[in-house]
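> Quick one, structure for this:
(one chain, ligands or ions: 2)
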Amino acid sequence: MFDKNKVKLGIAQIAWTNDDMPDLGKENTFEQCVSEIALAGFAASEVGAKYPTDPAVLKKAMDLRGLTICNSWFSSFLISKPYEETEKEFIRQLDFLKAVGARVIGVSEQSYSIQGMLDQPVWEGKYEMNEGEWLMLAEGLNKLGQIAKDKGMKLTFHHHMGTVVQTEAEIDKFMDMVNPELVFLLFDSGHLSFAGINPEKVLKKYVHRVGHVHLKDIRKEMVEKSRQEKWSFLKGVREGVFTVPGDGDVDFGPLFEILDEADYEGWMVVEAEQDPAKANPLEYAIKARKYITQKTGL
Ligand SMILES: O=C1C[C@@H](O)[C@H](O)[C@@H](O)C1=O
Ligand SMILES: [Co+2]
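Ligands and ions are numbered 1, 2, ... in the order given. Now for the predicted structure:
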């Protein structure tokens, strides 16, 4: 059974307002979002575009509700821009996160990413790195990981649909190339399942290198439809490819067992972006919270 002092539960703000498609949930304020996160029984959230940018203001709003910030997304451009540009932004974001109490930063390489392209089917035309680019990515991340470590933080890397690290082979190559002391895996059950990869297999292989977990479920029939109808990643989100754990087709039981047996320490964050007009964020947050308690005792 998970140790409640070692494993904590958060939920990402993306179910209330989607920064990638701000019309989804534009009516939901920051205050409503964090109040409902607390109400649903979660201890943390990640950082969204509506969140206060002054760390003192954000921290006060979170403290008032018994919440903390556990992570934020960070877009790196290590293979398409000078390293220094990414490093400068990375340090700024790292310092912000540290000031609000987070110990993890979630990096995604966004060079040539198709995840935000509305007219690009997510199943076609994904960029594949050459050997030189693989080296640039790994070396850049190792350097950023050292900076994070020196500040008492953990760099985790988010494999993601439409990016240069999406497939099982890419994840394996990535894990082979980065320094395990400096770069950790951000395990996202939804992105693996969407990509047609068995999440259990990946988790078993890398559980001791996982630094952060995104609990995301998929609706298989919508994934299938997205293939057939050549949807973009964002169209898939809008149509309901993703949902909260317990509402879709991912079997979370074995994933929780693998994490538990490996004595995973850190955050497990429900991250289920869908249209808030169709899936009420509070209702789905409560649904996820109940399901996780039932499966893990947390
Ligand atoms: O961690 C994530 C952050 C989002 O912005 C992203 O698009 C989503 O799918 C995700 O997994
Ligand atoms: Co994620």
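> Which positions in the chain make contact with ligand 2?
188, 214, 271 (CB under 5 Å from the ion). Backbone N, C-alpha and C define where each C-beta goes, glycine included.
> Now for the first one, how many residues are close by?
If you count neighbours by other CB atoms under 10 Å, Asp188 ends up with 24.
> can you check the second one too?
When counting by other CB under 10 Å, one arrives at 25 neighbours for His214.
> As PDB, could you dump the C-alpha coordinates of the helix or strand hosting it?
Using DSSP states H and E, His214 falls within strand 210-215. The C-alpha coordinates for strand 210-215 follow below in PDB (Å, rounded to 0.1, in the frame of the first residue of the first chain):
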ATOM      1  CA  VAL A 210      10.200   8.000 -12.900                       C
ATOM      2  CA  GLY A 211      10.200  11.400 -11.300                       C
ATOM      3  CA  HIS A 212       6.600  12.500 -11.800                       C
ATOM      4  CA  VAL A 213       3.400  10.700 -12.900                       C
ATOM      5  CA  HIS A 214       0.500  12.000 -15.000                       C
ATOM      6  CA  LEU A 215      -2.600   9.800 -14.600                       C
END
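> which other residues reach that strand?
12, 70-71, 104, 106, 154-156, 158, 184-191, 203, 244-245, 252, 259, 264, 266-272, 288, 292 (CB atoms under 8 Å, 6 or more residues apart in numbering).
> For it, give the mean pLDDT please.
Strand 210-215 carries an average pLDDT of 99.
> Toward the C-terminus from it, list the very next helix or strand.
Heading C-terminal from strand 210-215 (DSSP H and E), you reach strand 217-218.
> Output the contacting helices and strands for that following strand.
Under the contact definition 3 or more CB pairs under 8 Å, 6 or more residues apart in numbering; DSSP states H and E, strand 217-218 sits against helix 189-194, strand 242-243.
> ok, back up a step: sort out for me which of the contacts of strand 210-215 are in helices.
Among the contacts of strand 210-215, the ones falling in helices (DSSP state H) are 189-191, 203, 252, 259, 288, 292.
> Alright, I will stop here.
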